[in-house]
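> Attaching a predicted model along with its sequence, questions to come.
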Protein chains: 2
Amino acid sequence: MASLTEGSRRPIRLADIAKAAGVSHGTASNVFSRPEIVREEVRERVKAAAEALGYAGPDPKGRLLRAGKVNAIGVATTEPLSYFFDDPFARVMMAGISEACDATGAGIALVSAGNEEKLAWNIQSALVDGFILFCIEGGPRLVELTRERKLPFVALEFGSQDDTVSAISIDNVAGGRLAAHHLAVLGHRRFAVLSLAFADDSTGLVSPEQVRTAAYTGTRDRLLGYFEELSQFGVDTAKVPVYETENDKASTRAGLETIFASAEPPTAILAMSDRIAMVALEWLNARGITVPRDVSVVGFDGVPEAAICEPPLTTIAQPIAEIGRRAARRILDFDGTVRRETLDVELVVRASSGPPPSTG
Amino acid sequence: MASLTEGSRRPIRLADIAKAAGVSHGTASNVFSRPEIVREEVRERVKAAAEALGYAGPDPKGRLLRAGKVNAIGVATTEPLSYFFDDPFARVMMAGISEACDATGAGIALVSAGNEEKLAWNIQSALVDGFILFCIEGGPRLVELTRERKLPFVALEFGSQDDTVSAISIDNVAGGRLAAHHLAVLGHRRFAVLSLAFADDSTGLVSPEQVRTAAYTGTRDRLLGYFEELSQFGVDTAKVPVYETENDKASTRAGLETIFASAEPPTAILAMSDRIAMVALEWLNARGITVPRDVSVVGFDGVPEAAICEPPLTTIAQPIAEIGRRAARRILDFDGTVRRETLDVELVVRASSGPPPSTG
DNA sequence: CACCTTCCTTGGATCGATTCAAATTTTTGC
DNA sequence: GCAAAAATTTGAATCGATCCAAGGAAGGTG
């Protein structure tokens, strides 16, 4: 069966309906947008004309231009689009954003791109009223690109100190302390840290110098939290290996190899993400190292997967969905202000942490 | 001293730049859209003016209207927005869609709504060039709503026979046969089916009459496939209980209770979705029934979770991501035709199926 | 020097609606 | 039956760009 494509028929416009029904376009417009102010007889006539001509209803493109508001928010990242559907953290965040959008009837447009040029273009041309930025990687650049657009935006996971940027983040220092405190109280004294990035394109063991000059302050703060707390318990933090991963399997495993090659391997691992922690769980298990009997692992983030992995992961839970909800509301009810908001995290104790093996 | 906190808050338009730079708006436009045709000196002057006035670049709203194309595709469902991020099937599908969109630089807009009125409005007003419809539930209604919009659309998981609708689906009959054949060859002769919906708002044991008048032909076809194959092996399909679930925990468990209350409980369960199958796995395990020693289970869909559940699930894998990719391309390269496309499914054998217990 | 290209620039038309002050019609009140 | 009030309808202006036919200014040629 052939289709709707009849000849070179250009789409029907509101003006066509108006003419066909013998009314002005103002009235025709009212029939669709505020039918109650149009006399019934006229309304019916216009509707009949619309029906007869096969009018699809007012084109949102036209309305949009006039109204100025798109009623949609853009969620942007430098990762590929599939990141939104693959990454557990992103998924929970998106669920929170969705919820806030659902409540006000706003739409969500996903923005991303393979290379930076395309990303810039996609941000420039996205039909949205504002942006939520996932600054997992290349955060500052993403912020720069978005700023050009001169629309409201909120940065999430934004690891730098720029106070001209609206952001919602968590108390990373407190999170770090909670994790370290938990393990220290259990009796651990030999630690290793599997960290997120301190700077772009670096990986491997991290020097104090690198920590001091960290570009990603989120990473630095978590470490700071760990170390502050460990110091309280008399641990010499200078001796705690900090291995910078790329938050993926390969680099995390490399980190574990390095850490466990030591003469005095740790009894507790502080992982800066649940993803890293779960890779660690897997690696340890494959090595015949039992968690938590031989080694304890504490993650960070509180993604749903952490609750169902083997063993279930002790972690620092971020209010991920809440962050998403707040971010969406910040855009939806934008008041022109720039604010950095910090939410609290929570220690969730599960089965991956326990007392250290007794050094009998 | 033009600052951002100027008195009149009206955003800067291209025309303002043109005036400031002393050129026509046509030229100003060219500076941004086709800079190569503008003399360098002029180009620099215009750019400087833009910079000085704090121009954010051509507003996509204006461009859009003129261009007619949004360069984005809408993905719609009657489920809440979070469905896209929660449901494994949807996630893989979205990954496929994302991939195709990434490749052409198109955007994705998620469309959904709590109630039907809002959904209608959201579909009417979505800024997209076409729709991909997730017809998990309320498919016909969703199609109806979308048709009004007079834009290209493709229905996925569309369980009815309407030939005026473009759709991409799978060969449900073949899938059913593959599943049933696999179990029959292993030696099973006592079956039970946990099905998806045959019609709206029904649940419980299904009569042949209900099967004959099924609104959802996808469900019917899977069952048809099961039964055709089982008949070949001499199974009296009239005696195979078919329990209609709502593809959730509660109704699936109710189905299992019913089925296993029988004097001759099945040795094999044909589940019409992996979700149902995984609930079954859990239920059986809780009841001390070992899979596949006591009972075999075969799912349908091939979601990633099916590979990592306990035990890993034998299932009929749909090319989910491929469906998504094709759907997106159908919209992106729309040629005006209406086509129904059927893709093949594949049997993936894992640990949830084995020979029936020897009736010693 | 007149003429022809070539290369830029101009300004009106257009995309498809909404809005609003003014004009017109209908109701209401007496 | 008439004026004032209320209800509708009109049509021009606007939203913010892009497109394109036509006009103009350099530069090249015979």
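Perfect, I can see it now.

> Run a quick check on residue A:154 versus residue A:167, I expect a contact.
Yes - with contacts counted by C-beta atoms under 8 Å, residue A:154 reaches residue A:167, the gap being 6.4 Å. To be clear about C-beta, it is placed using only N, CA and C from the backbone, and glycine gets the same treatment.

> Measure how buried the closest residue to DNA strand D within chain A is and give me the count.
Residue nearest to DNA strand D within chain A (C-beta to the nearest atom of the strand): residue A:26, separated by 2.3 Å. By other C-beta atoms under 10 Å in any protein chain shown, the residues close to residue A:26 number 8.

> so which strand or helix has it?
Residue A:26 is located in helix A:25-33, with elements delineated by DSSP states H and E.

> From one end of stretch A:27-39 to the other, what's the distance?
In stretch A:27-39, first residue to last residue: 10 Å (C-alpha to C-alpha, to the nearest Å).

> now do stretch A:152-170
Using C-alpha to C-alpha, one end of stretch A:152-170 lies 21 Å from the other.

> and the helix or strand hosting residue A:98, what does it pack onto?
Using DSSP H and E, the element containing residue A:98 is helix A:88-104. For helix A:88-104, the elements it packs on are strand A:72-77, helix A:83-86, strand A:107-111, strand A:131-134, helix A:274-286, helix A:320-332, helix B:83-86, judged by 3 or more C-beta pairs under 8 Å, 6 or more residues apart in numbering or on different chains; DSSP states H and E.

> mind running it again at 7 Å?
Helix A:88-104 is packed against helix A:83-86, strand A:107-111, helix A:320-332, helix B:83-86, with contacts defined by 3 or more C-beta pairs under 7 Å, 6 or more residues apart in numbering or on different chains; DSSP states H and E.

> For the first one, give the mean pLDDT please.
Helix A:83-86 shows a mean pLDDT of 88.

> So, low pLDDT: which residues of chain A?
A:1-9, A:359-360 (pLDDT under 70).

> what's the domain layout of it?
A:12-45, A:69-169, A:170-319+A:343-348 (automatic domain parsing).

> I'd like those written out as JSON lines, with distance to residue B:43 added.
Below are the domains of chain A laid out as JSON lines (distance: least, C-beta to C-beta, whole Å):
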{"stretch": "domain A:12-45", "distance to residue B:43": "36"}
{"stretch": "domain A:69-169", "distance to residue B:43": "18"}
{"stretch": "domain A:170-319+A:343-348", "distance to residue B:43": "33"}
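
> interface residues of chain A facing DNA strand D?
Residues of chain A lying close to DNA strand D by C-beta under 7 Å from any atom of the strand are A:22-27, A:30, A:37-39, A:41-42, A:65-66, A:68.

> List buried residues within these.
In the residues of chain A next to DNA strand D, burial by neighbour count holds for A:23, A:27, A:30, A:38, A:42, counting by 16 or more other C-beta atoms under 10 Å in any protein chain shown.

> Quick one: neighbours of residue A:106, just the number.
So residue A:106, with other C-beta under 10 Å, has 23 neighbours.

> before we move on, which element is residue A:355 in?
With DSSP H and E as the test, residue A:355 turns up in no helix or strand.

> Return the residues in contact with it.
A:186-187 (C-beta atoms under 7 Å, 6 or more residues apart in numbering or on different chains).

> Next, work out how far apart it and residue A:242 are.
As judged by C-beta to C-beta, to the nearest Å, residue A:355 and residue A:242 stand 24 Å apart.

> all strands in chain A, in order from the N-terminus.
With strands called from DSSP state E, chain A shows them at A:72-77, A:107-111, A:131-134, A:153-156, A:167-170, A:191-195, A:204-205, A:242-244, A:268-271, A:296-301, A:314-317, A:340-343, A:346-348.

> residues touching the residue nearest to residue A:222 when sequence neighbours are not counted, list them.
Nearest residue to residue A:222, sequence neighbours excluded (C-beta to C-beta, 6 or more residues apart in numbering or on different chains): residue A:176, at 4.3 Å. Going by C-beta under 7 Å, 6+ apart, residue A:176 touches A:221-226.

> quick one on the thing from earlier: from the residues of chain A next to DNA strand D, which two are the most distant?
Using C-beta to C-beta, the two most remote members of the residues of chain A next to DNA strand D are A:41 and A:68, lying 33.3 Å apart.

> number of nearby residues for residue A:328?
26.

> For it, which residues are in contact?
Listed by C-beta under 7 Å, 6+ apart, the contact partners of residue A:328 are A:73, A:97, A:100-101, A:132.

> sorry, back to before: for residue A:227, see how far away the residue nearest to residue A:222 is.
Here residue A:176 is placed at a distance of 8 Å from residue A:227 (C-beta to C-beta).

> And residue A:166, by the same measure?
Distance of residue A:166 to residue A:227, given as C-beta to C-beta: 29 Å.

> Over to residue A:167?
Remark: distance between residue A:167 and residue A:227 (C-beta to C-beta) = 24 Å.

> Those two: which is more packed in?
Taking neighbours as other C-beta under 10 Å, residue A:167 and residue A:227 compare with residue A:167 leading, 25 against 22.

> is it true that that one touches residue A:155?
Yes - contact status for residue A:167 versus residue A:155: in contact at 4.3 Å, counting by C-beta atoms under 7 Å.

> Just list the residues touching the residue of chain A found nearest DNA strand C, thanks.
Nearest to DNA strand C in chain A, going by C-beta to the nearest atom of the strand, is residue A:62, at a distance of 2.7 Å. Counting by C-beta under 7 Å, 6+ apart, residue A:62 touches residue B:65.

> Please tell me how far it sits from residue A:17.
From residue A:62 across to residue A:17, the span is 13 Å (C-beta to C-beta).

> go on, residue A:324?
Separation of residue A:324 from residue A:17 (C-beta to C-beta) stands at 41 Å.

> Ok, residue A:243 next?
According to C-beta to C-beta, residue A:243 stands 67 Å off from residue A:17.

> and what of residue A:38?
From residue A:38 across to residue A:17, the span is 13 Å (C-beta to C-beta).
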